[in-house]
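K.L.:
Task: produce atomic coordinates for the following.
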Amino acid sequence: IDDPLAILLLLDYYAIRSEEYNYLIHFYTEQNQRLNLDGLPNFAYSIALAYFHLSLFDKANEILQNALIRFPSILKYLLDKLSIKPDRTVEKCRYFFDSEKYETNALKCVQQLYIVRMSHEWKEKNELEFLKNNVNQVIHIIEQNQDSRIANYTKLRETCYRRTPINVCRHIILSESNEIRGFLPNDMENDGRFYNVDPFPPNDSIASFQRPERPSMQINSSYNGIGMLLRSLLPNFNLENFLVAPDAQAGAVGGGGGAEENDAGMLQALQESIGDFIGDIGLTNTGEDQLQQPPVDDDNDENNNEFD
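P.N.:
As a prediction, this is how the structure comes out:
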């Protein structure tokens, strides 16, 4: 299946939130063999939660115990997220708290994504009791050291999930969550193909937008203060006239007259800005725009003559 935005990391979240437990279980049953859904931490734990909400407790216990053995670090992340201190028995079981050291960054990423989204679904009393009972059962299995899943899953965690897939990186960006975005690998953060509107497009994609390259400009320090002052006083003044391109500065150093031309251009721009400003406020000094006295009313003249 083509999943360019890693929607599989989100599907269980919406199913649990909308209480579509049967749909989630049906999807998992139908697609697990084809999509290897049991290899995703979010499905491993959410399917157990779905069976629990349907009161199918035996099946829920079986699936949750398998999830705890396969992805033990989820327990540590969940307890940290909910600010719950584990009891002595759980704390002494290093299988849950040391596994993180041997996991790849890609696996840590998808596990943390699940905790960020789904921790609130595990914080209620019944769910925590369900989790606690199965953690104790898993501790008993680990102490017996006879279950082959422990060695098999440990090897899988160390060998699989070597690199964060590109679709997971897109998923992180489009989530628009700062907490989730923090899991983006550093090499992807600095990738030149990074755009919020189209994160990490395929190499063979047709680009509908190319970011235009802007020339490197810098503000001449000798005019910086004056330019800012004039910009605040004259609305039509363009501060970009004070921006000096690197090649212009090079011309000045090389004797090409760059500095003199820049000064002349700035003076002309300043003159035009002042002229526009004066014209806008009606203070021009031409004959046509001279201020005229208001016309004298003839009736007033006649009245005034009566007192002569």
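K.L.:
how does this protein divide into domains?
P.N.:
If you go by automatic domain parsing, the domain ranges for the chain are 8-189, 218-280.
K.L.:
Dump those domains to JSON lines, plus mean neighbour count, mean pLDDT and distance to Pro202.
P.N.:
In short, each C-beta sits where N, CA and C put it, glycine included. As requested, the domains of the chain are exported to JSON lines (neighbours: other CB atoms under 10 Å; pLDDT from 0 to 100; distance: least, CB to CB, whole Å):
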{"stretch": "domain 8-189", "mean neighbour count": "17", "mean pLDDT": "92", "distance to Pro202": "8"}
{"stretch": "domain 218-280", "mean neighbour count": "14", "mean pLDDT": "58", "distance to Pro202": "36"}
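K.L.:
Quick one, which of these gets closest to Pro201.
P.N.:
Pro201 lies closest, by CB to CB, to one member of these: domain 8-189, at 9.1 Å.
K.L.:
which residues of the stretch 1-150 of the chain fall in helices?
P.N.:
Along the stretch 1-150 of the chain, the segments classed as helices by DSSP state H, counting those that start in this stretch run 8-17, 21-35, 41-53, 57-70, 73-81, 88-92, 94-98, 105-118, 125-144, 148-159.
K.L.:
Make CSV from those helices and add distance to Val168 to it.
P.N.:
Formatted as CSV, these follow (distance: least, CB to CB, whole Å):
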stretch, distance to Val168
helix 8-17, 7
helix 21-35, 15
helix 41-53, 12
helix 57-70, 19
helix 73-81, 17
helix 88-92, 30
helix 94-98, 24
helix 105-118, 7
helix 125-144, 26
helix 148-159, 17
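K.L.:
Of those helices, which is nearest Leu184?
P.N.:
Of all those, helix 105-118 comes closest under CB to CB, at 8.3 Å.
K.L.:
what's the angle between that closest one and helix 8-17?
P.N.:
20 degrees (axes from the mean of the first three to the mean of the last three CA atoms, to 10 degrees).
K.L.:
if we can go back for a sec, any chance of a markdown table for the domains of the chain, columns distance to Pro201?
P.N.:
Formatted as a markdown table, those follow (distance: least, CB to CB, whole Å):
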| stretch | distance to Pro201 |
| --- | --- |
| domain 8-189 | 9 |
| domain 218-280 | 32 |
